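>>> After the sequence you'll find the predicted model.
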Amino acid sequence: ETGVTQTPRHLVMGMTNKKSLKCEQHLGHNAMYWYKQSAKKPLELMFVYSLEERVENNSVPSRFSPECPNSSHLFLHLHTLQPEDSALYLCASSQDYALSYNEQFFGPGTRLTVL
Amino acid sequence: ELKVEQNPLFLSMQEGKNYTIYCNYSTTSDRLYWYRQDPGKSLESLFVLLSNGAVKQEGRLMASLDTKARLSTLHITAAVHDLSATYFCAVDIDNAGNMLTFGGGTRLMVKP
């Protein structure tokens, strides 16, 4: 595997379900990101992790719970979601949050549908 | 609140034609990124513009940045069908590449 991978690629869940999205980067990067891409809104940054520590949380509802067990893996735990949470969830990584210049590399995304 | 506006939102053009996509933003930033997204695919980095006056070209695409006008352009020269995709600009809020605010995207369709 190369680059940034995400699983599953597609997920359908009910509002009472609990599921998790997984992201893995094979680039040796130290920073990882979750984004939400809705049909009618620009891409929104949700969470930023640097060396497994959360550094940004952009007012995301608590029904989204991120976890970064190591610098290569990032999870997004989902519970009691709403239909409006249906979107494409993109993961990205970059070399080092503390650098003066970072380019983000994106995974293919998980298409989430909440029924 | 930072706003990043792209226009047009949708662009249908014939092969061989030229066109420009505009990205306006509402706050001070010296850095801007352009990405391409094919349907069902991830975002692919096209250009990284790191200073005022920066101009970068790759094939039929050329991007420029005017930080004083808070404007970036993505110019398409002699479009080909393979350029059909959605193009996003993203403004770098922290000037370190960690905090990106994206525009709404421009969906480009190039017709043979």
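Nice, thanks for sending it over.
>>> who in chain B is up against chain A?
B:4, B:33, B:35, B:41-45, B:48, B:50, B:88, B:90, B:95-105 (CB under 8 Å from any CB of the partner chain). Quick note: C-beta positions are derived from backbone N, CA and C, even for glycine.
>>> and if we set it to 7 Å?
Within chain B, the positions adjacent to chain A are B:4, B:41-43, B:45, B:48, B:88, B:96-100, B:102-104 by CB under 7 Å from any CB of the partner chain.
>>> Those residues in strands, which ones?
Counting by DSSP state E, the residues of chain B next to chain A place B:4, B:43, B:45, B:48, B:88, B:100, B:102 in strands.
>>> what residues are up against the first one?
By that I understand residue B:4. If you count contacts by CB atoms under 7 Å, 6 or more residues apart in numbering or on different chains, residue B:4 has them with A:42, B:23, B:25, B:89, B:91, B:101, B:102, B:103.
>>> By pLDDT, give me the weakest of those.
Among the contacts of residue B:4, residue A:42 has the lowest pLDDT, at 86.
>>> That one contacts residue B:91, doesn't it?
No - with contact defined as CB atoms under 7 Å, residue A:42 does not reach residue B:91; the gap is 10.8 Å.
>>> So these two - more neighbours on which side?
residue B:91 (25 against 19; other CB atoms under 10 Å in any protein chain shown).
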